[in-house]
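*Asks:* coords please:
(6 chains)
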Number of protein chains: 4
Amino acid sequence: MAKSVNKVILLGNVGKDPEIRSTTGGTLVASLSLATSERYKDKGGEWQERTEWHNLVSYARGAEILRDCVKKGAKLFVEGRITTRSWDDKETGKKAYRTEIVVSEISLLSPADGSNGRPASSGRASKNGTNRTSEPENDFGGVGITDDDIPF
Amino acid sequence: MAKSVNKVILLGNVGKDPEIRSTTGGTLVASLSLATSERYKDKGGEWQERTEWHNLVSYARGAEILRDCVKKGAKLFVEGRITTRSWDDKETGKKAYRTEIVVSEISLLSPADGSNGRPASSGRASKNGTNRTSEPENDFGGVGITDDDIPF
Amino acid sequence: MAKSVNKVILLGNVGKDPEIRSTTGGTLVASLSLATSERYKDKGGEWQERTEWHNLVSYARGAEILRDCVKKGAKLFVEGRITTRSWDDKETGKKAYRTEIVVSEISLLSPADGSNGRPASSGRASKNGTNRTSEPENDFGGVGITDDDIPF
Amino acid sequence: MAKSVNKVILLGNVGKDPEIRSTTGGTLVASLSLATSERYKDKGGEWQERTEWHNLVSYARGAEILRDCVKKGAKLFVEGRITTRSWDDKETGKKAYRTEIVVSEISLLSPADGSNGRPASSGRASKNGTNRTSEPENDFGGVGITDDDIPF
DNA sequence: TTTT
DNA sequence: TTTT
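*Replies:* This is a model prediction of the structure:
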């Protein structure tokens, strides 16, 4: 029986096509950037919008769903849990942190088939191929997700 | 009408007495570290426990509640939203990130009055006073919460 | 500070155009039927789908949003709380129950403008007028929502 | 991938010891009444408290946990989904409804061992035995949970 | 840094 | 980097 709860519910828009990779152990991993935004009144009484970007990560079957069905611009609902990885930055010697949402439930609310004007076959595969060789945005202190990060 | 959802639900244990401060505008701010833990089976089939630490922040009336009612060791339920602040680290020139949960609902599940064996009057005020002068754990790149971070 | 939590999160499809009425005190009230469905495997290993219908109710500004923006077929996300009303059935003398979700947050996920093929101006007003005279599906033992049911 | 969401989060107090029974197929079933309460201001500006009672139901392993660890007065956190059963009342011929929360996650927040002053061994078995013969509160038109209600 |  |  659980003695604690760590639950996240997000509904927002996908900022980029998911990035797909595998752990050395062969588990499929998908990373995704999801935007939520809220309106608030600033001190002058003007309505402002603040956008929050969330780092989602999904494994195995969830990663397949994100890879096959979810594209930039899609509206997505997810449930998950918060996790924060930390490492010592090799260059600076400082501790660095990255907080991610490990996704447990996915619900795609807008089709991935380009109904929003974007072609569905817009070269995601080749983009992912490129990512696999370069992956600059994944270089979080040189410490990526390893098989030890996968909770099963 | 909201077009997105950013909701967090946490139930866990408070790691330290809350830290209380004020913005230059006079809004009370409370920071809190909350632990959630989950059990999982490792590759060898052994049960392991993983603890996740969450940075909570609360303003105004919520900060008063945390200050007056919540102490180290308390069991706490909160609702909130995820927010990530970033700044350029002055020393390293690198971008640094800190993800926090802005608390909107609080429910105290264990009394703060030392029923768990700890004295309720354990010098929180003086500890906070000490924190105000030294505050090493709050020096996130020298960039703390400002009035601009407060969404009202 | 809350000592309990009563929270519902629903994402589903609207079964009919909302029904709009007012309390004797003049507060606008909207009622809505929302369907969620889940897939499960039956004893024979076949995939089945089960649909659950939820009675939503919203007041004041929320009722305006439902009235103006939400139509049959729309995909809707809501947050709310569970409430159960009971009354003595006048005919049978038995206790009757009706559980409703009092909506606190609404997020419309599909446009109400007929993009699903239905005209947006499909005479909702006159339908509501008709409902007001007949309203068989609202006759819950002759006991409707009164101003006493409104929590403010 | 889910196309809808039906999620309930409750934190409250158990009204009575759980009732335990089995389906004809041998699946253990536990029923539980959980109270949540909220404070609100009435029209005269006075603070009032409203208590809501939720019918929880849990199967198999969850039913074991409720049977073994949860007693009247316990503080409980649960996640689940809303479900409504209906049947034709044999006496009156009218449709009757009962809404229940099918529990998927349980977190016991106060010990079941009588730390609240009540003995842990307070004859739950015999009370349940009594219930089994009389069970007036379970006589929902003579239609109880059957194996067909169990989603696995 | 918590808790079981 | 999304969306309205």
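
*Asks:* from here on, contacts and neighbour counts on C-alpha atoms
*Replies:* Will do.

*Asks:* so who does the closest residue to DNA strand E within chain A touch?
*Replies:* Among the residues of chain A, residue A:3 lies closest to DNA strand E, at 7.1 Å counting by CA to the nearest atom of the strand. With contact set as CA atoms under 8 Å, 6 or more residues apart in numbering or on different chains, residue A:3 has these partners: B:12, B:37, D:107, D:108, D:109.

*Asks:* By neighbour count, which of those wins?
*Replies:* residue B:12 (24 neighbours; other CA atoms under 10 Å in any protein chain shown).

*Asks:* Flag the helix or strand of chain A with the lowest per-element mean pLDDT.
*Replies:* helix A:124-133 (a mean of 30; mean pLDDT, DSSP states H and E).

*Asks:* How much space separates the closest residue to chain C within chain A from DNA strand F?
*Replies:* For chain A and chain C, the shortest gap (CA to the nearest CA) falls at residue A:109, measuring 7.3 Å. According to CA to the nearest atom of the strand, to the nearest Å, residue A:109 and DNA strand F sit 11 Å apart.

*Asks:* doesn't residue A:71 make contact with that residue?
*Replies:* No - with contact defined as CA atoms under 8 Å, residue A:109 does not count as touching residue A:71 (11.7 Å).

*Asks:* all strands for chain A, in order.
*Replies:* A:5-14, A:19-22, A:28-41, A:47-59, A:75-88, A:95-108 (DSSP state E).

*Asks:* The shortest one pairs with which strands, and in what direction?
*Replies:* Under the criterion DSSP bridges, strand A:19-22 sits next to strand A:28-41 (antiparallel) in its sheet.

*Asks:* For chain A, what lies in contact range of chain D?
*Replies:* A:1, A:2, A:3, A:4, A:65, A:105, A:106, A:107, A:108, A:109 (CA under 8 Å from any CA of the partner chain).

*Asks:* Would you reformat those as CSV and include distance to residue B:42 and pLDDT?
*Replies:* Formatted as CSV, these follow (distance: CA to CA, whole Å; pLDDT from 0 to 100):
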residue, distance to residue B:42, pLDDT
A:1, 18, 86
A:2, 18, 87
A:3, 19, 89
A:4, 20, 94
A:65, 25, 96
A:105, 22, 95
A:106, 25, 95
A:107, 29, 94
A:108, 31, 93
A:109, 34, 91
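
*Asks:* Now do the residue located most distally from the centre of chain A, the pLDDT please.
*Replies:* Note on chain A: the largest C-alpha distance from the chain mean falls to residue A:44, namely 34.4 Å (CA atoms, centre = their mean). Residue A:44 is assigned a predicted lDDT (pLDDT) of 91.

*Asks:* go on, the one 10 residues further on?
*Replies:* The predicted local distance difference test score for residue A:54 is 98.

*Asks:* what about it, how many residues close to it?
*Replies:* For residue A:54, the count of nearby residues is 23 (other CA under 10 Å).

*Asks:* what sits against it?
*Replies:* Here residue A:54 is in contact with A:33, A:34, A:35, A:36, A:100, A:101 (CA under 8 Å, 6+ apart).

*Asks:* same check, this time on residue A:17
*Replies:* A:32, A:70, A:71, A:72, A:124.

*Asks:* what about the first one, distance to chain D?
*Replies:* Distance, residue A:32 to chain D, by CA to the nearest CA, to the nearest Å: 17 Å.

*Asks:* Provide the partner residues of that residue in its beta bridges.
*Replies:* residue A:56.

*Asks:* Looks like it contacts residue A:56 (just checking).
*Replies:* Yes - between residue A:32 and residue A:56 there is a contact under CA under 8 Å: 5.0 Å.

*Asks:* Just say which of the strands of chain A is most tucked in.
*Replies:* Ranked by mean neighbour count under mean count of other CA atoms under 10 Å in any protein chain shown, the strands of chain A are led by strand A:5-14, which reaches a mean of 22.

*Asks:* Tell me the predicted confidence for residue A:119.
*Replies:* Value for residue A:119, per-residue pLDDT: 38.

*Asks:* Up against chain C, what does chain A have?
*Replies:* So chain A meets chain C at residue A:109 (CA under 8 Å from any CA).

*Asks:* Quick check: residue A:10 touching residue B:4?
*Replies:* Yes - contact criterion CA under 8 Å: residue A:10 and residue B:4 qualify, at 7.4 Å.

*Asks:* Pull up the overlap in contacts between the two.
*Replies:* residue A:36.

*Asks:* just to revisit the earlier point, among the contacts of residue A:54, which two are most distant?
*Replies:* Spatially, the most separated pair among these is A:36 and A:100, at 14.6 Å (CA to CA).

*Asks:* shaky segments in chain A?
*Replies:* A:111-152 (pLDDT under 70).

*Asks:* residue contacts, the closest residue to residue A:51 other than its chain neighbours?
*Replies:* With sequence-adjacent residues excluded and distances taken as CA to CA, 6 or more residues apart in numbering or on different chains, residue A:51 is closest to residue A:37, at 4.2 Å. By CA under 8 Å, 6+ apart, residue A:37 lies in contact with A:12, A:49, A:50, A:51, A:52, B:3, B:4, B:5.

*Asks:* Return the member of these nearest to DNA strand F.
*Replies:* The closest of the contacts of residue A:37, once distances to DNA strand F are taken by CA to the nearest atom of the strand, is residue A:51, at 5.2 Å.

*Asks:* got the contact list for that closest one?
*Replies:* A:35, A:36, A:37, A:38.

*Asks:* quick one on the thing from earlier: just send the contacts of residue A:37 back as JSON lines, with distance to residue B:92 too.
*Replies:* As requested, the contacts of residue A:37 are arranged in JSON lines below (distance: CA to CA, whole Å):
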{"residue": "A:12", "distance to residue B:92": "33"}
{"residue": "A:49", "distance to residue B:92": "31"}
{"residue": "A:50", "distance to residue B:92": "28"}
{"residue": "A:51", "distance to residue B:92": "27"}
{"residue": "A:52", "distance to residue B:92": "25"}
{"residue": "B:3", "distance to residue B:92": "38"}
{"residue": "B:4", "distance to residue B:92": "35"}
{"residue": "B:5", "distance to residue B:92": "35"}
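
*Asks:* okay but residue A:55 is in contact with residue A:99, surely?
*Replies:* Yes - between residue A:55 and residue A:99 there is a contact under CA under 8 Å: 7.1 Å.

*Asks:* Start and end of stretch A:69-79, how far apart?
*Replies:* 17 Å (CA to CA, to the nearest Å).

*Asks:* Which entries within the contacts of residue A:17 meet the buried criterion?
*Replies:* Restricting those to buried positions leaves A:32, A:70, A:71, A:72, A:124, with burial counted as 16 or more other CA atoms under 10 Å in any protein chain shown.

*Asks:* The fourth one touches residue A:16, doesn't it?
*Replies:* Yes - using CA under 8 Å as the test, residue A:72 is close enough to residue A:16 to be in contact (4.3 Å).

*Asks:* List, one by one, the residues from chain A near chain B.
*Replies:* Counting by CA under 8 Å from any CA, chain A sits next to chain B at A:2-12, A:36-38, A:40-43, A:52-53, A:82-84, A:92, A:96-99, A:151-152.

*Asks:* hmm, try it at 6 Å
*Replies:* A:4, A:5, A:6, A:7, A:8, A:9, A:10, A:11, A:12, A:36 (CA under 6 Å from any CA of the partner chain).

*Asks:* possible to save those as a markdown table with distance to residue B:27?
*Replies:* Formatted as a markdown table, the entries for the residues of chain A next to chain B read as follows, by distance: CA to CA, whole Å:
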| residue | distance to residue B:27 |
| --- | --- |
| A:4 | 31 |
| A:5 | 29 |
| A:6 | 28 |
| A:7 | 28 |
| A:8 | 27 |
| A:9 | 28 |
| A:10 | 28 |
| A:11 | 30 |
| A:12 | 30 |
| A:36 | 26 |
